[in-house]
Each structure stands twice: as C-alpha cells, then as structure tokens.
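**Student:** From the sequence below, what's the structure:
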Amino acid sequence: MGRIRPRGLWRGASLGWEFPLAAAETLLERFGARFRVEDELLRWLHWHRHPLPPLPHHRELIAQADLNRPLVDGRRPLPHQRSGARWLLARRGALLTDEMGLGKTLTALLAARALLRVVPLRLLVVAPVGLHPHWQREAAAVDLELCLHSWARLPSELPEAGTVMVVDEAHYAQTMQAQRTQALLRLARHPRLRAIWMLTGTPVRNGRPIQLYPLLAAIDHPLARDQRSFEEMFCQGHWSERGGQRRWRVDGASRLEELRRLTRPLVLHRRKQQVLGLPPKRRSFLPVALEPNQARGMDHRLALVVEDYRRRVKAGKVRSDAESLAVLTSLRLIAAEFKLPAAERLVQQLRAQGESVVLFSSFVAPLVLLQQRLGGALLTGRQKPEERQTAVDQFQAGSTDLLLATYGAGGLGFTLHRARQVVLLERPWTPGDVDQAEDRCHRLGMDGELVSHWLQLGPADQLVDGLVASKASRIELLMGPRRVSVERQSLPAMVARSLQDC
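**Tutor:** Numbers count the residues shown, from 1 in each chain. You can find the predicted model right below:
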C-alpha cells in the first residue's frame, strides 16, 4: 500500500485504508479483480473519464461579469470586490479569506453570475441558517437564483449538468473527522462540480495549520493530495504514547512561511486598511478591581473549583486534557459574573456619552443579568434565526443603543457598524472568534474609530488573553504580511500547569 500514490491513511482494523479519489484508477488496476467495487465509485470514475467540456476562457468570463454596472438595488461593487470577482473567475477552486466586512458574499456572487451567464450551471450556496436571508438579499441584488443549504443538511449528490458551489463560513470545516467536513469534501470531489469557492475571514482560527488542511482539500490544492505528508511537513506530525495508547499528533506548527508561499496562488487575503482605509480599530485593556468582600468571595469560589481539580488529580481521576479545559471554563464563568458591576458601569458611561454599544460574552447567563439591569437587545444561539435578525435590526435602526450578544451568535455574519464601542466581557479561546466579534462593528459605514474594551480579571483572563496573543502571532505568520517567530505551546498543558500553580 505504501507504493500507491497519492498515499492512503490506515484508519484502523474496522475502517481499513482510505485513499484519495485520485488513487482510484491505480487501486482498480491492482486490486479490482480481488475485491468488490461499489457501483457509486464506478459511476464517479466514469464521470472522471468523460468530463464536462472546459469552461470558457477567463477573458470571456470577465466580459460577461458586468462588474462596473450598478446592481439592481443601485449599489456599485467596490474596486476590491470587482478585483476579487476577477480573481475567483480565474480559479476553479479558491479560498477568499478577506477580513470581515469586505463584502465576500457580493464578490462571490458577481463571479458566479458571470459563470452562469455562459454555462448552464446551478449555483449552490452552503451557509449557516442564520445567514440565509443575507444571501437571498445579495442574490436578488445581482439578479441570481441560488440553492441554499445549511451546514447541517448538505446534499448527497449534484446534478449531472454541473454546479458552482460557494461555501460561506468555510472554517466550519476545520476538522477532518467532523461529519459536516466529510459531507462537504464529498461534494467538493464530485466529478460534476465545476467550481468551488470557499469564503471565510478566519481560515486558521486557532493558529494550527491542520485547520487549513480541509479547506485546501476542498479546493483540491496539490498540498492536500497527501494528508500524511502535509501533517509531517506543516503540523509537526508525530506518534506519541500516552496511557499505553499510540496516537498520531498533528497539533503543532512548522514551516509556516513555506506554507504561506505555496498556498498564496489559491488564497486571497486582504485587509480593510489595504482596500478601504477604514478608521482604525483600537483595543483598550481594562483591569477590574474588586472590593475586598467581592475579592474574598471570588477567591473562595475559585479555590473550590481548583481544589476539586487537584483532588481529582491526586486520586488519579483526571484522565484527559478536556477536564483541565472544563475547569478553566468554570473559572472564566465565575470571573465573568464578578466583572458584571464593572461592565455595567462602563456601558452606562459610554451610553451617557451618546455611544451605541455591543457587549460580547461566551456565556448567556451574564448577558441575561446585564439585560435585566441595563435593558437592550439580546442576541444568543438560543433564539430562532428570525429573533436574532430582529434584535440586530432593532439595534441598527436605533431602537436600542445596547446589544448583548454571545460570540457564537453575534459574531456570525451580522453587520453592527452602528456601534463604535465594543465590550468583551471575556475572550473566547481563538483569535478568529475575537476578530469575528470586533469586526461585526468595524465595517463600511461606521463613523469614527472602533474601540474594543477588554475587561480583565484574574488568572483565567490572563491565561486566555496570552493564549489569544500567541495564536494570533502564528496566524499572522501564515496569513499576514509580517515575519514573526512563534513558540509551540500546548493549551491543555498550559492550563493544567496554571491550575496546579495557582
């Protein structure tokens, strides 16, 4: 099996070997007479041997794009959107990773419209359910019909005539083992797919190259045709032994500048300051000081959680890295609750100055408490999509000057540029989620600079904020213009060490 190219992966005795479709012809030649071949594989191979005719030349597609004409709603595509559409039309598989707020949706639809004008294709868009109304509005603006699918309900087949697929929030497919990633890759490899364009503002949310691999596999980047080689080269892939079990580890990062250079032809990443000249975004770090009795109460609650963790370690009951992360989440929730008075004072001060404010938290409970005290609109994953949109519309229309949102709900696809003040009660694990939240407000149409207030209290905040900075450096090396060096750090090990020491 080691002589088959592209190489396969051994998935264990129950699953056997897994090979890319590109190896199917070689496998059939060598083993087809010894094993039963599924009808579906034969149908796919027949399509590969009898492909659809080539797409028109790039010049013809650009001529059909009408990029300089106004849209149905009167808007005109911005220069970076026009150049982005031309870039997409030159590629059958591509990653559009512009920063949030640069209008990736319209860029992709302009390119898709040009394709559909010259080739009989269906436009399929994969997007979170909450973003479907946005896609429908933008499609209407370019006079396009599209077939919308959620990440939870991807189709199993594509029509024989051909499909162009646009994948929004493509970072949803950053784990190869996830069912939605496998379902997406099956469509991405379909012989009747004519083009696939992946859209995300956070292609590497956690600073690990392994998260980029599924996206590269979906666009059939040459680097992703051999998963094991990719993991060995860029993810510090190695075998480790723990508890008598051998595991293949791919949570490291190496040769990032080389990875950036090799992926650049199929990855377009532009920043707002490069193409729009938006007002700057500034982060303000606000240490929270507690009254003596509050500090004692918080210390007591933290001590109970940490002591229970130490007791479990001593008894040998802590068996996985997940437990230390669960303890840290508990500490962050406790700290968030004790920061509520400071958050309330800050929000009141900003509102008294005539500012509109968006406050983010990972936890629903503190947001509910703040709403009871301050009013405002609530935006969480517990609401239906139409309820979330109503909260956003109320805030954007000026019916309320305060929006209280979770990172998962508020950081996804909404435009909140009415606010120039963002308050982060605490930070999520990944820089991508922090940027997603802040950049909901840092967008076209905002008036003045954006200030992001980071409330900081205790070791949990210090650890997470330091972790965010460390991961951001790694992402900067891969996606950004600067050259920086990074040091590999294991999050569970950092957490466990902190819990033992604090």
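
**Student:** what residue ranges in the stretch 301-450 of the chain score low on pLDDT?
**Tutor:** Within the stretch 301-450 of the chain, the ranges that satisfy pLDDT under 70 run 318-325, 411-413, 431, 444-445.

**Student:** again, 50 this time
**Tutor:** By pLDDT under 50, the stretch 301-450 of the chain contains no weakly predicted segment.

**Student:** All the strands of it, in order from the start?
**Tutor:** For the stretch 301-450 of the chain, the strands defined by DSSP state E, counting those that start in this stretch cover 357-361, 377-379, 402-406, 421-424, 450-456.

**Student:** Which strands and helices lie in contact with the shortest one?
**Tutor:** Applying 3 or more CB pairs under 8 Å, 6 or more residues apart in numbering; DSSP states H and E, one finds that strand 377-379 contacts helix 364-374, helix 385-397, strand 402-406. (Each C-beta comes from the backbone N, C-alpha and C, glycine too.)

**Student:** List the buried residues for the longest one?
**Tutor:** By neighbour count, with 16 or more other CB atoms under 10 Å as the criterion, the buried positions of helix 385-397 are 388-389, 391-392, 395-396.

**Student:** Over to the shortest one?
**Tutor:** Across strand 402-406, burial judged by 16+ other CB under 10 Å covers 402-406.

**Student:** Likewise for the first one?
**Tutor:** Neighbour-count burial for helix 364-374 flags 364, 366-367, 369-370, 374 (criterion: 16+ other CB under 10 Å).

**Student:** Mind checking the helices and strands packed on strand 377-379 for the one nearest to Arg255?
**Tutor:** Shortest distance between Arg255 and these, using CB to CB, is found for strand 402-406: 36.0 Å.

**Student:** partners of that closest one, with directions?
**Tutor:** The strands beside strand 402-406 in its sheet (DSSP bridges) come out as strand 357-361 (parallel), strand 377-379 (parallel).

**Student:** quick one, what contacts Ala111?
**Tutor:** Ala111 makes contact with 65, 84-86, 88-89, 197 under the criterion CB atoms under 8 Å, 6 or more residues apart in numbering.

**Student:** Ser240 too?
**Tutor:** With contacts defined as CB under 8 Å, 6+ apart, the neighbours of Ser240 are 246-247, 249.

**Student:** Following the chain past the helix or strand encompassing it, name the next helix or strand.
**Tutor:** Assigned by DSSP states H and E, Ser240 falls within strand 238-242. Per DSSP H and E, the first helix or strand lying C-terminal to strand 238-242 is strand 245-249.

**Student:** Now do that next one: which elements does it pack against?
**Tutor:** If you count contacts as 3+ CB pairs under 8 Å, 6+ apart, strand 245-249 packs onto strand 238-242.

**Student:** model confidence over the strand it packs on, on average?
**Tutor:** The average pLDDT for strand 238-242 rounds to 83.

**Student:** Quick check, central residue of this structure?
**Tutor:** Geometric centre of the chain, nearest residue: His171, 3.4 Å, by CA atoms, centre = their mean.

**Student:** Give me the nearest residue to that one, chain neighbours excluded.
**Tutor:** Nearest residue to His171 in three dimensions, chain neighbours excluded: Thr200, at 4.6 Å (CB to CB, 6 or more residues apart in numbering).

**Student:** show me the contacts for the one you found.
**Tutor:** 95-97, 168-171, 215.

**Student:** Next, the distance between the ends of stretch 277-288.
**Tutor:** End-to-end distance of stretch 277-288 (CA to CA, to the nearest Å): 33 Å.

**Student:** how about the nearest residue to Pro56, chain neighbours excluded?
**Tutor:** Excluding the flanking residues, the one nearest Pro56 by CB to CB, 6+ apart is Val118, at 5.2 Å.

**Student:** Am I right that the one you found is in contact with Gln64?
**Tutor:** Yes. Applying CB atoms under 8 Å, one finds Val118 in contact with Gln64, separated by 5.5 Å.

**Student:** The two: who's more crowded?
**Tutor:** Gln64 (17 against 13; other CB atoms under 10 Å).

**Student:** neighbours around Leu425, how many?
**Tutor:** 26.

**Student:** ditto for Arg264
**Tutor:** Residue neighbour count, defined by other CB under 10 Å, stands at 10 for Arg264.

**Student:** Check the gap between it and Leu223 for me.
**Tutor:** Going from Arg264 to Leu223 by CB to CB, to the nearest Å gives 12 Å.

**Student:** before we move on, what about Asp447?
**Tutor:** Asp447 is 43 Å from Leu223, by CB to CB.

**Student:** which of those two has more neighbours?
**Tutor:** Neighbour totals were compared for Asp447 and Leu223, and Leu223 leads with 19 against 8 (other CB under 10 Å).

**Student:** Report the contact partners of the more buried one.
**Tutor:** Counting by CB under 8 Å, 6+ apart, Leu223 makes contact with 216, 230, 259, 262-263.

**Student:** Quick one: distance of the helix or strand harbouring Arg59 to the chain centre.
**Tutor:** Per DSSP H and E: Arg59 is located in helix 58-65. Helix 58-65 has its C-alpha centroid displaced from the chain centroid by 31 Å (CA atoms, centre = their mean, to the nearest Å).

**Student:** still on that earlier bit, could you identify the most distant pair in the buried residues of helix 385-397?
**Tutor:** The span of these, defined through CB to CB, is set by Arg388 and Gln396 at 12.6 Å.

**Student:** which residues make contact with stretch 20-28 from outside it?
**Tutor:** By CB under 8 Å, 6+ apart, the residues outside stretch 20-28 that reach it are 4-6, 8, 19, 37, 41, 44-45, 48, 189, 225-226.

**Student:** can I get the strands of the stretch 301-450 of the chain in TSV with distance to Leu276?
**Tutor:** As requested, the strands of the stretch 301-450 of the chain are exported to TSV (distance: least, CB to CB, whole Å):
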stretch	distance to Leu276
strand 357-361	20
strand 377-379	25
strand 402-406	23
strand 421-424	18
strand 450-456	13
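
**Student:** which of those is buried the deepest?
**Tutor:** Of all the strands of the stretch 301-450 of the chain, strand 357-361 has the most neighbours on average by mean count of other CB atoms under 10 Å, namely a mean of 28.

**Student:** Helix or strand: which one has Leu463?
**Tutor:** Secondary structure from DSSP H and E places Leu463 in helix 458-479.

**Student:** now Ala111
**Tutor:** Here Ala111, judged by DSSP H and E, is contained in helix 104-118.

**Student:** And the next helix or strand past that helix?
**Tutor:** As assigned by DSSP H and E, the chain's next helix or strand after helix 104-118 is strand 122-126.
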